[in-house]
Structure formats: structure tokens, C-alpha cells
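could you look at this predicted model? Sequence included:
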Amino acid sequence: MLLEVKDLHAGIDGKEILKGLNLQVRKGEVHAIMGPNGSGKSTLSKVLAGHPSYEVISGTVTYDGKNLLELEPDERARDGVFMAFQYPVEVPGVSNSQFLRLAYNEKAKHNGGEELDPLEFNDLLKEKAKIVEMDPQFFKRSVNEGFSGGEKKRNEILQMAVLEPKLAILDETDSGLDIDALRIVAEGVNKLRTKDNAIILVTHYQRLLNYIVPDFVHVLAGGKVVKEGGKELALELEEKGYDWVKAAAK
Amino acid sequence: MTSVAIKDTYFSNAFRDRFATANDALGKLRQEAFEWFTQTGFPTVTLEDWKYTNVMPIANVDWRVADHPSDDVSEALGQVREFNFTRNGFTALNQAFAAYRVIRIPKETAGDEPIVLEFAAAAGEAIFPHTIVVAEAGSRATFVEIFASEEAGLTNSATQIFVEDNANLTHFRVQKDADDAFNYGVTEASVGRAACYDATSINLGGTISRHDIEVDFTAEGGEASVDGLYMLNASQHHDTHSIIDHRVPNCTSHQSYKGVLNDTSRGVFNGKVFVREGAHGTDAIQSNKNLLLSNEARVDTKPQLEIFNEDVKCAHGATVGQLEEEELFYLLTRGLPDALARNLLTYGFAEEIINKITIGSIKTELDAAVLNRLNAEI
Ligand SMILES: Nc1ncnc2c1ncn2[C@@H]1O[C@H](COP(=O)(O)OP(=O)(O)O)[C@@H](O)[C@H]1O
Ligand SMILES: [Mg+2]
């Protein structure tokens, strides 16, 4: 088991948002987490990534045999957890390539890999950029600054490609993408899918799942998983909408 | 012709020896300025514009006046006379002892190479560089001043910039004096019709430093960027006072100053933007953002917009704060350890200004200086 979330209760600012969530993810699997707005999808993503504003009230999260909740966000990252942000953050004055090289080298150092100098890293970055069809002119630009919504999302997947996480949580990576960008991003994610990693796709819509076919679909409502199934569940949701799920949560 | 009566006060011997009996127009101007200094002395904290910057440590030293050669300014006397030496005691002293350099960028020419001047004062020595740059109509150039005292000297500089009609001047001012040096500098810029002045001032060094910059638009359609960074450590003190004066219509000024303050350092930013009656179509933006890296660091910031006109687009603001939590979290989730993530964000904050420096060698050196300040390798 790569990730095991057991009866997780968590919230922010004294408000409980996740109310007893369970989830099991094995290597090689792709899980879709779907649910209406406000159901707690981003909260789950941020709790897994270790955002300091979110408090875990009770429950356990085991990742790769370790208590994930005890690790700092940067330790989680170096251990292979990656979250693509629903709203990627702009970091003015820091170039994309500078930032990514530092991240790459920190991870390499941690895992006994080889650190790369700027020239070597640039070659690696060029290769990885092909996966999301990203123009190398974005390397020199400040991280996400002045990027369009779609470019930011592509940049998140580029980071995933460089860091090669064991567990990738993609929070609404499809939102704000036009159909061409969606296809590029989805194909990129498919290329990064291996039998040794796992991907959690957080999405509101079914359309992403036409491109990245999940092994499991979990429907989240009111901070709990209210329904689970295979890929056909996503289609059912598309057809029936979320109202019946919301009703089930009450 | 009689010489100016000189009281027995700072600098009087040096002045008596060198300029007190000069009889030409420039000599008289020096005497007038020195007389003014003798009457007025160094500015004190009782003056509104100096209330946060105490220059007693400068006034208390018996400085040795450097004997630097001066260009012949007979062709530039008109410009010399425009210098507002009664701004304060420093400007008066500068006018009195000025070592002039006159740089003319001829009409309709574009200099490929930047013009670079470097200044340094030795221990116990006071230098008074006074540079006049005239970018004649339609010309284009980059002018760089580097202040790099390696010892505890005093630099008291003046820079007069004239960007004539349709000319384009980029001006980098880098102050990287030793930590025990003193630096006062004033920049006076006048921007002509449809002319463009792009100034970036980087302040890293000195124990007490101050930069006054005044930009006046003299005809319609001028554009000015007036940006700067002060990055302070230990007990360093830096003060920037700026005035941007929109006297005529349809000019644009953008100002972004940033401060990074660590340890017990102290920063002061005072920025006045005047939009005078009749200066319609003015577009003025001013911002001053400060990052405090220590609880004992302090900054006093006062952006001021004074608008005597309605048809204008103006915005200003100042912030004083710590690093953005969401930016920090973002970097952490990519595996950067906390200290490195903080350094990278601070570096990025400073780099937004340093990135304006388009001369590779200087930019590389500044990047290194910033990292050195942060004790970081990035
Ligand atoms: N800082 C906060 N303080 C209080 N409530 C919050 C905060 N952030 C999010 N919430 C609430 O938590 C719930 C879940 O939000 P979120 O996890 O972002 O949902 P989703 O990603 O599924 O749309 C929502 O009702 C939202 O309003
Ligand atoms: Mg969300």
C-alpha cells in the first residue's frame, strides 16, 4: 500500500471539513476523486501535502510505511509526494529553471542521486518540457508570473515530470484548460504514469477522465467518500449530476 | 574680488587652500556654496526630511578632502547652475568641492557600450564627484555609476541628468561601499519632450547611506521609471528620499522601491509624487515594498501623492511584511528545505529590481552580493 488514509478528520480555522475520510492507493494505480464544489477535495490535497493552516483532528495517514502527518511539507516532497496546485502560486524574481533545479537537486541529495549543474539541468528540463509541449522560453521566466491559467497548469505537470514523484495529487489540473491544453496536459500525465507511482486526480468534471482513465473513482461529499467504483462511476456522475450525491451525504 | 569669509569649521582649511581665491564663475559658485554650508552645516534630525537619518557620525569626522581632478565645465556652466545646492549641507559641500565630470551623448547617436564611472573613497577621505550627463536630443545611452569604497571614507556625490527631447537614458546607480563607509548622493534628472529616463538604484553598502533623487518633467510626453532596492544587514542605515514632479501634461512615472532588512538595520523611504495644476493626463504609480527578516529591523516608509489636478491616473502604496506564506508553502511542496525556500523568496524579491540591470557582469556581481547577504547558495 502506498497511501492509506483512515478515518481522517481535518479542517481549517476551527471548521471541520473532512469528516471521516478513507482512501487506499497502491502503486501503479490512478484514483479519481470527484465531488461538488466545497466537498473538501482541495482540503484533502492540502492536508496530504502538509499545508500548515490545516489541522488534522483525528485519523491516520500512512505513506510508504511512514506516518505522513509527522513529516514537514518539504520532507514529504523529497520522499516523493507531489501536489499540483489548483491555483499555482506566482514566485516573482525566481526563474522557473533556477527553482526547478534547486528542487531537483534537493531531492537527488535526499535520495542519493546525482546533483546537476545549470547546464546539465537545462538539458534535462528541455527533455521534460517536451512531455507537456512547453516552450523553453518559459524556463527563464519567473515561476508562474504572468502565465495564463493553462500555462500555470502545464508548468505544474512539468514540475511533476522533473521531480518524478511516487504519489502525485493533481488538484483540478483540468480546470481553466481549453480542449487542446487539456489533451496536452492529460497526455503528459499519461506519459508519467508508471507501475511504480500512483496518481490521485482531483476533479469536478468527468472530461479529464476521458483522457486519463482511472482505476478507481471516489465521490466526495460533505467531507466523506459517499460512493466508490470503477471508471464507469464517472460517467454516471456526468449523466446524473451531483445532486443525488449531495443528498446521499446528508 | 575678495575671498569668502570662512569660519573655522569643517573643511575650511581645504576650501581656503583650493578655491577661496578663485575668481572665475565656477570659483564664485563654489564660494557661494561653501558659504551656505558654513552657515547651515550638516542636516540634523530636527528637519522633517532628516528626522530618521542622523548624520552626526559623518559630521563628527575631520575628513581629508580628496584632490581629484575636475573636468573643465565652462561649456556646462548652465547645467552646473541648475544644481540645487541649497537642498542640504551635503549638496552645498558637493558644489563647493565638486570634482566634475561632464558626459555628453551627441544628438541622434546611440552608444553601444555603457558609460561606466566608478568611485571610491579611502579611509578618512571625503570625495565629491559631480557628474553631469547630457543625453542630447534623440540620443540613446546607458550610464552606470558604481560607488565602491573599500574603506571608511565619505562619498558625497551629485549627479545631474539631462534627458533632452526624444532621448532615452538608462541609469544604473550601484552603491556597494564597505560596511564602514558613508555615502550621500543626490540625483537630479530633468526629462524633456517625449524623452525616457529609466533609473535603477541599488543600495547595498555603507554604514549610513542616503540617496536623494528628484525627477522633473520639463515637457510633455516624458516617461520615467525610478526604481530601487536597499538591502541591509547588521546595523546598516539607508534612506531614500525621492521627488517626482509632474509639472507638465501627459507624462508617465513608475516607481518601485524595495527594501530587504535584516538584523538591526534601518531603512527609510520617502517618496513624493507631485501632480501640478495643469499636468493633465499624468500617469503615476508608486510602490514601496519592504521585507523584514528580523524582529529588530525597522523601516519607515512614507509614499506621498500630492495631486492638484483631476484628469490623472495615480496609484501608490507601501507594504512592510514578512514572506508570503503561500509562496513559502509552494516551494516547500517542491522539496526545498525551509531555510532555502525563505532565501529563494527573499532573493526573488530583490531580483525583481536587480533584473533591471541589463549589463551581464554587473548583474552577476549583484546576484552574488545578494546571495552573500543571505548566506545562501542558490
Ligand atoms: N480558510 C477557510 N476557512 C473556513 N472554511 C474554509 C476555508 N477554506 C475552505 N473552506 C471551506 O471548506 C470547504 C471545502 O473547501 P475545499 O476543500 O476547497 O473544497 P473543494 O476543493 O472540493 O471545492 C468549503 O465549504 C470551503 O468554503
Ligand atoms: Mg478545490
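Nice, I can see it. Ligands and ions are numbered 1, 2, ... in the order given.

need the pLDDT of whichever residue of the stretch 201-350 of chain B sits closest to chain A.
The shortest separation between the stretch 201-350 of chain B and chain A is 3.2 Å, found at residue B:348 (distances taken as C-beta to the nearest C-beta). (Glycine included, C-beta is placed from N, CA and C.) On the pLDDT scale, residue B:348 is placed at 94.

which one is it nearest to, not counting chain neighbours?
The shortest distance from residue B:348 to any non-neighbouring residue, by C-beta to C-beta, 6 or more residues apart in numbering or on different chains, is to residue A:93 (3.2 Å).

show me the contacts for the residue of the stretch 201-350 of chain B closest to chain A.
Residues in contact with residue B:348, defined by C-beta atoms under 8 Å, 6 or more residues apart in numbering or on different chains, are A:91, A:92, A:93, A:94, A:142.

pick out the residue of chain A closest to ligand 2.
residue A:42 (3.2 Å; C-beta to the ion).

do the same with chain B
With C-beta to the ion, the shortest gap between chain B and ligand 2 falls at residue B:326, namely 14.7 Å.

show me what residue B:266 is bridged to.
Counting by DSSP bridges, residue B:266 is bridged to residue B:237, residue B:298.

that one contacts residue B:52, correct?
Yes. Residue B:266 is in contact with residue B:52 according to C-beta atoms under 8 Å; the separation is 7.5 Å.

ok, the lowest-mean-pLDDT helix or strand in chain A near ligand 1 or not?
Ranking every helix and strand in chain A by mean pLDDT, DSSP states H and E puts helix A:243-249 at the bottom, with a mean of 75. No. Residues of helix A:243-249 contacting ligand 1 under C-beta under 6 Å from any ligand atom: none, with a closest distance of 12.1 Å.

now the helices for chain B?
Using DSSP state H, the helices found in chain B span residues B:12-18, B:25-40, B:56-59, B:77-82, B:89-97, B:325-332, B:338-354, B:360-374.

now residue A:166: phi and psi?
Phi and psi for residue A:166, reported as degrees, to the nearest 10, are phi -80, psi -30.

how about the contacts made by the nearest residue to it once chain neighbours are set aside?
Nearest non-adjacent residue to residue A:166, counting by C-beta to C-beta, 6+ apart: residue A:80, 3.4 Å away. Going by C-beta under 8 Å, 6+ apart, residue A:80 touches A:64, A:165, A:166, A:167.

tell me which of the residues you listed is nearest to ligand 1?
Closest to ligand 1 out of the contacts of residue A:80 is residue A:167 (18.4 Å), distances taken as C-beta to the nearest ligand atom.

shaky segments in chain B?
B:1-9 (pLDDT under 70).

which parts of it sit against chain A?
Neighbours of chain A within chain B, by C-beta under 8 Å from any C-beta of the partner chain: B:325-327, B:329-338, B:340-341, B:344-345, B:347-352, B:355, B:378.

switch to 6 Å and redo it
Contact residues, chain B versus chain A (C-beta under 6 Å from any C-beta of the partner chain): B:326-327, B:329-330, B:332-337, B:344, B:348-349, B:351-352.

quick one: which of the residues you listed has the most company?
Highest neighbour count within the residues of chain B next to chain A: residue B:335, with 29 neighbours (other C-beta atoms under 10 Å in any protein chain shown).

what sits closest to that one if chain neighbours are left out?
Leaving aside its sequence neighbours, residue B:335 sits nearest to residue A:77 (C-beta to C-beta, 6+ apart; 3.6 Å).

what helix or strand is the one you found on?
In this assignment (DSSP states H and E), residue A:77 forms part of helix A:73-78.

run through the residues that contact the closest residue to chain B within chain A.
Using C-beta to the nearest C-beta, the closest approach of chain A to chain B is made by residue A:93 at 3.2 Å. Under the criterion of C-beta atoms under 6 Å, 6 or more residues apart in numbering or on different chains, the neighbours of residue A:93 are A:142, B:348, B:349, B:351, B:352.

before we move on, the earlier item: could you find the closest non-adjacent residue to the residue of chain B closest to ligand 2?
residue A:89 (5.3 Å).

can you tell me the SS state at that neighbour?
Following DSSP: H, G, I helix; E, B strand; the rest coil, we place residue A:89 in the coil state.

residues near residue A:16, how many?
Applying other C-beta under 10 Å, I find that residue A:16 has 15 neighbouring residues.

repeat for residue B:107
For residue B:107, the neighbour count with other C-beta under 10 Å is 14.

what do you get for the one 4 residues further on?
Burial of residue B:111 is recorded as 15 neighbouring residues (other C-beta under 10 Å).

pull out the buried positions in stretch B:69-88.
Within stretch B:69-88, the residues that qualify as buried by neighbour count (16 or more other C-beta atoms under 10 Å in any protein chain shown) are B:70, B:73, B:76, B:79, B:80, B:83, B:85, B:87, B:88.

between the two ends of that stretch, how far is it?
Taking C-alpha to C-alpha, to the nearest Å as the measure, stretch B:69-88 stretches 24 Å from start to finish.

residues making contact with that stretch?
Identification of contacts with stretch B:69-88 by C-beta under 6 Å, 6+ apart yields B:25, B:33, B:36, B:43, B:91-92, B:95, B:99-102, B:132, B:160.

that one: how far from the chain's middle?
Here the centre of mass of C-alpha atoms in stretch B:69-88, compared against the chain's by C-alpha atoms, centre = their mean, to the nearest Å, lies 18 Å away.

swap in stretch B:190-204?
Relative to its parent chain, stretch B:190-204 has a centroid offset of 11 Å by C-alpha atoms, centre = their mean.

again with stretch A:72-87
Counting by C-alpha atoms, centre = their mean, stretch A:72-87 comes out at 9 Å from the chain centroid.

so does that stretch get close to ligand 1?
No. Using C-beta under 6 Å from any ligand atom, stretch A:72-87 stays clear of ligand 1, coming no nearer than 6.8 Å.

mind listing what's buried in that stretch?
Along stretch A:72-87, these residues count as buried under the neighbour rule (16+ other C-beta under 10 Å): A:73-86.

of the residues you listed, closest to ligand 1?
Nearest to ligand 1 among the buried residues of stretch A:72-87, counting by C-beta to the nearest ligand atom, is residue A:86 at 6.8 Å.

confidence score at the closest one?
For residue A:86, the pLDDT comes out at 95.

how about the contacts made by the residue nearest to residue B:335?
Counting by C-beta under 6 Å, 6+ apart, residue A:77 has contacts B:333, B:334, B:335.

now do the first one against residue A:106, distance only.
Which is residue B:333. 12 Å (C-beta to C-beta, to the nearest Å).

could you do the second one as well?
Residue B:334 sits 8 Å away from residue A:106, going by C-beta to C-beta.

tally of neighbours for the closest residue in space to residue B:199 that isn't next to it in sequence?
Excluding the flanking residues, the one nearest residue B:199 by C-beta to C-beta, 6+ apart is residue B:171, at 4.5 Å. Using other C-beta under 10 Å, residue B:171 has 24 neighbouring residues.
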